[in-house]
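Colleague: Sequence unavailable; structure follows:
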């Protein structure tokens, strides 16, 4: 072999001491143009890079915070353009895209159509002297019944029993709105504060279980506790106290009905509010705790604002359902306290339409109730919009 070996280009010769690792080049000091780092131990950041973290890594400028933000903005704009193209797609394209979802909703739509929209056509009997015995076919009987205009409505508005039912309905609605509506919110906050998941699941199941009970069973349970032969009455009777029977007290009846509703349906509201609370980011609680917020401050400034849209929606729906305060529940207890205390619009319509077979008059009462309920929904939804919430539908 030849004694002279070829050194590859770009690699220092073995005898070149200036190019050895760790040996500084002659005349190269730690000046500003030497490329030395802050401690002179390596090349510093060049003009096209940014200093990295404490580990010493150097991040190029196009990969720094500005670069990441720029790429994030580009991705967001691309998503917006894609959504815009999807929104401008024709009806056939959207139908092909969402055909699975449409097929899933068809049974529910059919159910609503048959049991909610088709019966609306029967409201025409409110303007007729409807006689179901004119024909074996109810539709033919509607066509053959004579028209009487607004006679049923005039009779309805002049009936003292109707106004008494309206008064009882509104009183029960206000009691349920004040006493019943806040209970699920408070219970949801309590259940959500439980640390152990197993205890939280048991508490949620216990609260939700009465929702599956029928009103017959609920009224029976309260009868066994608060009735004349109930546990409390028997206990008081041992000490010489007679006459305890809250189930037949007309003055206590509205509080009793509200209590039954709270016990039965509060668990359903707890599930709804817990679902809303599960969407709250834990980072908000941690940030509030780092700022010095205590438990009550976090609940007031983090939890309740997160529940505000759900509260507004349920409140709008509850106001729209103001004239429906529980048909089966009140019908079961109507005879115990009398119609003066227990008659509401639902039982009034049933008593006149089914028991007395005055179908046209009952249809007029139901139509008035539906129109007033629609107006309440629109008014409550408008109030939700004024408060900055979405409500049932957007503006």
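Modeller: On my side now, so go ahead. All figures in this text were calculated on a predicted structure; none of them were measured in a lab.
Colleague: For stretch 362-374, give me every contacting residue.
Modeller: Contacts to stretch 362-374, defined as CB atoms under 8 Å, 6 or more residues apart in numbering, come from residues 122-123, 125-126, 130, 152-153, 155-156, 162, 320-324, 345, 348-350, 352-354. C-beta here means a position set from N, CA and C on the backbone, and glycine is covered the same way.
Colleague: Now restrict the residues you listed to buried residues only.
Modeller: For the contacts of stretch 362-374, a burial check counting by 16 or more other CB atoms under 10 Å picks out 125-126, 130, 152-153, 156, 162, 320, 322-323, 345, 348-349, 352-353.
Colleague: show me what contacts the residue nearest to the spatial centre of the chain?
Modeller: Centroid-nearest residue in the chain: residue 310, 4.1 Å away (criterion: CA atoms, centre = their mean). In this structure, residue 310 makes contact with 272-273, 276, judged by CB under 8 Å, 6+ apart.
Colleague: Between these, which sits nearest residue 198?
Modeller: Nearest to residue 198 among those: residue 273, at 20.4 Å, using CB to CB.
Colleague: Okay, and that closest one sits in which element?
Modeller: helix 253-277 (DSSP states H and E).
Colleague: So which bits of the helix or strand hosting residue 310 are buried?
Modeller: Using DSSP H and E, residue 310 falls within helix 304-320. Judged by neighbour count (16+ other CB under 10 Å), helix 304-320 contains these buried residues: 307, 310-316, 318-320.
Colleague: quick one: average pLDDT of it?
Modeller: Averaging pLDDT along helix 304-320 yields 82.
Colleague: do stretch 107-115 as well
Modeller: In the prediction, stretch 107-115 has an average pLDDT of 92.
Colleague: ditto for stretch 293-300
Modeller: 83.
Colleague: Repeat that for stretch 367-374.
Modeller: Stretch 367-374 comes out at a mean pLDDT of 87.
Colleague: Return the set of buried residues in it.
Modeller: In stretch 367-374, counting by 16+ other CB under 10 Å, buried: 367-369, 373.
Colleague: Max pairwise distance over these: which two?
Modeller: 367 and 373 (10.6 Å).
Colleague: Quick one: the strands in the stretch 51-200 of the chain, in order.
Modeller: 58-60 (DSSP state E, counting those that start in this stretch).
Colleague: where do the helices sit along it?
Modeller: With helices called from DSSP state H, counting those that start in this stretch, the stretch 51-200 of the chain shows them at 65-87, 91-97, 99-112, 138-144, 151-157, 160-175, 182-192, 197-208.
Colleague: closest one to residue 381 among those?
Modeller: The nearest among the helices of the stretch 51-200 of the chain, by CB to CB, is helix 160-175 at 17.3 Å.
Colleague: and the helix holding residue 273 with helix 160-175, angle?
Modeller: Helix 253-277 and helix 160-175 meet at an angle of 40 degrees, taking axes from the mean of the first three to the mean of the last three CA atoms, to 10 degrees as the criterion.
Colleague: So which other helices or strands are in contact with helix 253-277?
Modeller: Counting contacts by 3 or more CB pairs under 8 Å, 6 or more residues apart in numbering; DSSP states H and E, helix 253-277 packs against helix 160-175, helix 182-192, helix 197-208, helix 215-226, helix 304-320, helix 327-337, helix 339-342.
Colleague: How far does that helix sit from its chain's centre?
Modeller: 14 Å (CA atoms, centre = their mean, to the nearest Å).
Colleague: Also stretch 96-115?
Modeller: Relative to the chain's own centre, stretch 96-115 is displaced by 22 Å; criterion: CA atoms, centre = their mean.
Colleague: Equivalent analysis for stretch 332-342, please.
Modeller: 34 Å.
Colleague: Low-confidence regions, the stretch 51-200 of the chain specifically.
Modeller: Residues of the stretch 51-200 of the chain that meet the criterion pLDDT under 70 lie in 51-69, 71-72, 76, 80-89.
Colleague: Could you tell me how many residues sit around the residue nearest to residue 299 when sequence neighbours are not counted?
Modeller: Ranked by CB to CB, 6 or more residues apart in numbering and with sequence neighbours excluded, the top spatial neighbour of residue 299 is residue 189, at 6.6 Å. For residue 189, the neighbour count with other CB atoms under 10 Å is 17.
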